[in-house]
Structure formats: structure tokens, C-alpha cells
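heads up, no residue letters with this:
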């Protein structure tokens, strides 16, 4: 039985065997994992290319990375607020209603992308100095940040269209788009980061043109790749998707109060959580900054390397949001609970394996990101500390996605904030002065383990399916 047939069985109230539930979970998870991994590979390649320019170049990106996550949180929350409603309506077999929500999301998304772009542009200059960056890295960090926030509209198109397609059960197109974006990013980066140079490949010598923009070139290459892919996936969603196609249909783009309020109820707590979580990340960046350029670079590159291991968890989480969202829309509560546990346990298993890989391959992972021996050695130590937390990190990632699919976001957001601020930030501040960056990463590992445990407790005994 195909994926589409299995999803239709959810909507039409037909029974799914345990084997069919597992098959559907895997069918949705695999392309979502590929999309997440290819997406982080794009940033991994960016960091590796910039890392070849030296520790200061890596530190320039690392300094503003957490601030960029904050701005991108706005974009992803808008996509979540509307796409979960689409999943619920598709689960209820209300396809016209799903298309109406999608149409209304487009105008809201573009307005908020414009506001995000303007706000980011206004703070791009002083931001690196606020974060404790010195004159050796602040100029490049400022330009890198500015270029990224100017690309907010195309990033919004990409995230919104991909989120809508995933919640409709189409994981293939977002996955392919993410892979294509990664390939385009590599090509654009070769041109934008490095100057024109002579290369030899398979015995053939040729001239490779380049702009030589350095650190800012990494942002230019990524935004160009995202623009190409974002325009394509938006076109596909509005013209080719069976569930979402808008061409040839009449409808309003101005959001109805009910739709906008529901989007706010879903996305508001997530946005507040991400703002404060990113504020915590920025606080940790400030804690790390006095440790020097090597520590800043090792911290930033270590986070990039680690993300290759936890991105599968986010891929499975996307499948969980789709499966739980459509099951909730169909009011199939027992099936909702089974998909919740099936996806969470799958995430724990996959990320446990990835944690083992990260522990063993930590030196190689850091070596591909930086030629600096001090950065590589410090980053390796940090990755091996973090590897022990991967199973419970998976539990928190997938369980949060389950709650989002059910439309239950307030209590999980509060749980995330308590864990991040009271455990990670507090421990990091206490341990950094004595143990350096290793102490900061130990604090991270302790906090992720604690967070995973409390999320499992809520999923077992909390009333998340009823949005208490």
C-alpha cells in the first residue's frame, strides 16, 4: 500500500495495522531526514569553506549564528502556525478548507518577512559589538548577518511552502528541494567566497572564476540557492499539489480572524520559546566570547558538526507533526497516541546510533571544518561530551513535534524555557570560568538529558491531545 493510500486511510477512519503504521512512519521520516541532513550539510559546507580562510573567519560566522537562528525562528513559526491547521483540515478531509488556510498564509508570511528583514538590517551594524566581538571579526560578522536577513522573504517562501507540503503528506518535494539547495549552495559558494584561481582536477588544469568575497560570500551563496529553491517549491505547492493547489480557484488572501487567531495560538508560544531559547544561546555565546577566537570558532563549528547527528531527529519530528496532525484532524485519538510513541522511539533509536558515530568520528568531523589544530582539538573534546546526550535530545525533539502536531504548544514551550535557562545557562556560567568551553558543553549535555526526560513524562501522563 502506498503512502498516499495509508494517509487516506487515516482521513477516512479505516484501520491501520501496526505494520502499516510503522511503514507510514518510515515512508514519511526517510525523506524528511534526507531533507534535514542535506540542509545542515549546506551550513556544514559553508563553515568548511569559510574555515579554510582561518579561525577568525569561522569566528565571524559563529559570533552571529545564534542571532540568525532568532530571526529565522520568526519565519519558521509563521510556517508552523498555518501548516498545522492545514494538517488538521486535511485529516478531517476538508481539502477546500486546507487550501483556504494556505492561501491566507501567503500574505501574512510576506508581511512578517518584510518586518523581519527591516529589523535585522537596522541592528546588523552594532550586533557583533553587542555580542562581545572584537574589531578583528566584527566587520565580516556584520555584513554576513545583513546579507542573510535581506534574504528573509525568499527564506519565508521556502519554509512556508515546504511546511505546507509536508503537512499534506508530501515529503518528497521538500526533500528533493533541500538536496538541490545544498548542491546549488556549494556551486555558488565556490564562486562567491573565493577569488578567481587555477585548479587542477583529474589532471586537467582550468581557471575557476570567483568574486573573492570571503565570509560575506558564504551568505550570498546560501541566499541565492534558497531563492532558486524557494520560488520552485512555492510554485509547486500552488500549482501542482493535489491537496494545496490554488491556481484556478477563487479565495481571499487576507486572513480571517479565526485562522489568524489559531495560527497565533499555535505559533505564539513556539515563537516566544524560540526567542527566549535563542536569547539563551546568545547568552551562552557571550559566555564563550571571553574565552577567545579559538573557543568561539570551536563552539560554532562544533555546533555545526553536532547538527549532522541531530538533524535526523528533526526529520522524524516533521513526520510526527504530519501523522499526529492528520490523526487529530480525523479525531482518531488512539492512532494519535500510537504515532506519537512510534515516532519518538524511532527518533531515540536513530539518534543513539548517531551519537555513537559522533563520538568515534569527532576528530574527522572537526578536521573537515577547520585547518586550525587548536580549534579541531577543542571541538573534538566538546563533541565527545555532547554525544552522551543524543538519545534524550531525540526524545525532546520528536516529542515537541508531536505536541505541535496536536496543537499543544504552551506547556511544552514553558518546559523548554525552564530547562534551557535554569539548567543550561546557569551551569554554563558556573563552569565556563573554571573548565572553559568543555564546561559549557557539559552543561549542554546535562540540560538536553533533563529536557528529554521531562518531555517523555509529559507525553506519557500529560493531557496534550486535549490541549489542556
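All right, it came through fine. These numbers come from a predicted model, not from an experiment. Numbers count the residues shown, from 1 in each chain.

could you show me where the strands are in the protein, in order?
Here the chain has its strands, by DSSP state E, at 195-201, 204-211.

What pairs with the last one, parallel or antiparallel?
Based on DSSP bridges, the pairing partners of strand 204-211 within the sheet are strand 195-201 (antiparallel).

and the partner strand, how far out from the chain's middle?
Offset of strand 195-201 from its chain centre (Cα atoms, centre = their mean, to the nearest Å): 34 Å.

Over to stretch 21-40?
14 Å.

Ramachandran angles for the residue of the chain most remote from its centre?
Each residue of the chain has a distance to the centre, and by Cα atoms, centre = their mean the biggest one is for residue 203: 39.8 Å. When read as degrees, to the nearest 10, the backbone of residue 203 gives phi 80, psi 0.

do you know which of the strands of the chain lies nearest residue 393?
Closest approach to residue 393 among the strands of the chain (Cβ to Cβ): strand 204-211, 38.3 Å. From N, CA and C alone the C-beta is placed, and that goes for glycine too.

Quick check: mean pLDDT of the closest one?
Strand 204-211 carries an average pLDDT of 82.

Could you do stretch 355-364 as well?
94.

Also stretch 18-28?
93.

Which parts of that stretch count as buried, going by neighbours?
21, 23-25, 27-28 (16 or more other Cβ atoms under 10 Å).

same check, this time on stretch 113-128
So for stretch 113-128, counting by 16+ other Cβ under 10 Å, buried means 113, 116-117, 120, 124, 127-128.

Likewise for stretch 328-339?
Buried, per 16+ other Cβ under 10 Å, within stretch 328-339: 328-330, 332, 335-339.

just to revisit the earlier point, output the buried residues of stretch 18-28 as a markdown table; include the columns distance to residue 268.
Shown next, in a markdown table, are the buried residues of stretch 18-28 (distance: Cβ to Cβ, whole Å):
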| residue | distance to residue 268 |
| --- | --- |
| 21 | 31 |
| 23 | 35 |
| 24 | 30 |
| 25 | 29 |
| 27 | 32 |
| 28 | 27 |
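
Which member of those residues is positioned nearest residue 252?
For the buried residues of stretch 18-28, the nearest to residue 252 is residue 28 (31.1 Å; Cβ to Cβ).

pLDDT score for the nearest residue to that closest one once chain neighbours are set aside?
Nearest residue to residue 28, sequence neighbours excluded (Cβ to Cβ, 6 or more residues apart in numbering): residue 319, at 3.7 Å. pLDDT recorded at residue 319 is 94.

residues near residue 319, how many?
Number of residues near residue 319 (other Cβ atoms under 10 Å) recorded here: 30.

hang on, isn't it packed against residue 340?
No. Counting by Cβ atoms under 8 Å, residue 340 is not a contact partner of residue 319; they are 11.5 Å apart.

Mean neighbour count and distance to residue 305 added to the strands of the chain, as JSON lines?
Shown next, in JSON lines, are those (neighbours: other Cβ atoms under 10 Å; distance: least, Cβ to Cβ, whole Å):
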{"stretch": "strand 195-201", "mean neighbour count": "10", "distance to residue 305": "26"}
{"stretch": "strand 204-211", "mean neighbour count": "11", "distance to residue 305": "26"}
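
Make TSV out of these and add distance to residue 95.
What follows is these, written out as TSV (distance: least, Cβ to Cβ, whole Å):
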stretch	distance to residue 95
strand 195-201	50
strand 204-211	46
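
Residue 276 is nearest to which of those?
strand 204-211 (38.0 Å).

farthest-separated two in the buried residues of stretch 328-339?
329 and 338 (15.9 Å).

Look at residue 466 and report its pLDDT.
Residue 466 is given a pLDDT of 62.

Can you pull the poorly scored residue ranges out of the stretch 351-468 of the chain?
466-468 (pLDDT under 70).

show me where it has helices.
373-386, 390-405, 410-418, 426-435, 437-461 (DSSP state H, counting those that start in this stretch).

Could you say which of these is packed most deeply?
Across the helices of the stretch 351-468 of the chain, averaging neighbours per residue (mean count of other Cβ atoms under 10 Å) puts helix 390-405 on top, at a mean of 28.

Mind giving me the packing neighbours of that helix?
Counting contacts by 3 or more Cβ pairs under 8 Å, 6 or more residues apart in numbering; DSSP states H and E, helix 390-405 packs against helix 55-91, helix 293-329, helix 333-367, helix 410-418, helix 437-461.

need the contact list for the nearest residue to residue 301 once chain neighbours are set aside.
Of all residues not flanking residue 301 in the chain, residue 369 sits nearest, at 4.5 Å (Cβ to Cβ, 6+ apart). Counting by Cβ atoms under 8 Å, 6 or more residues apart in numbering, residue 369 makes contact with 44, 47-48, 51, 58, 301, 304-305, 376, 379.

Residue 369 and residue 48, how far apart?
According to Cβ to Cβ, to the nearest Å, residue 369 and residue 48 sit 5 Å apart.

Same question for residue 364.
For residue 364, the distance to residue 48 - Cβ to Cβ - is 12 Å.

hmm, back to that, quick check on the residue nearest to residue 301: phi, psi?
phi -100, psi -20.

how far away is it from residue 51?
5 Å.

what is in contact with these two at once?
Contacts common to residue 369 and residue 51, judged by Cβ under 8 Å, 6+ apart, are 58, 301.

Point out where the stretch 1-150 of the chain drops to low pLDDT.
Using pLDDT under 70, nothing in the stretch 1-150 of the chain is flagged.

err, the stretch 201-350 of the chain, not the other one
Ranges of the stretch 201-350 of the chain meeting pLDDT under 70: none found.

how does it look with 80?
201-203, 206, 208, 278, 282, 304, 308 (pLDDT under 80).

and of the buried residues of stretch 328-339, the nearest to residue 222?
Nearest to residue 222 among the buried residues of stretch 328-339, with distances taken as Cβ to Cβ, is residue 339, at 33.8 Å.

Skipping its backbone neighbours, what lies nearest the closest one in space?
residue 323 (4.2 Å).

on that earlier part again, who has more neighbours out of residue 364 and residue 48?
Ranked by neighbour count (other Cβ under 10 Å), residue 364 and residue 48 place residue 48 first, with 19 against 11.

from memory that one sits against residue 367, does it?
No. The pair residue 48 / residue 367 is not scored as a contact, 9.8 Å apart, by Cβ under 8 Å.

I'd like the helices of the stretch 351-468 of the chain written out as TSV, with distance to residue 39 added.
Below are those laid out as TSV (distance: least, Cβ to Cβ, whole Å):
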stretch	distance to residue 39
helix 373-386	20
helix 390-405	15
helix 410-418	21
helix 426-435	27
helix 437-461	21
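
between the ones you listed, which one is nearest to residue 106?
Nearest of those (Cβ to Cβ): helix 390-405, 20.9 Å.

where's the closest one relative to the chain centroid, distance-wise?
For helix 390-405, the distance to the chain centre is 13 Å (Cα atoms, centre = their mean).

Check stretch 372-381 too.
On Cα atoms, centre = their mean, the centre of stretch 372-381 falls 25 Å from the chain's centre.

distance of residue 30 from residue 176?
If you go by Cβ to Cβ, the gap between residue 30 and residue 176 works out to 13 Å.

That concludes my questions; thank you for your assistance.
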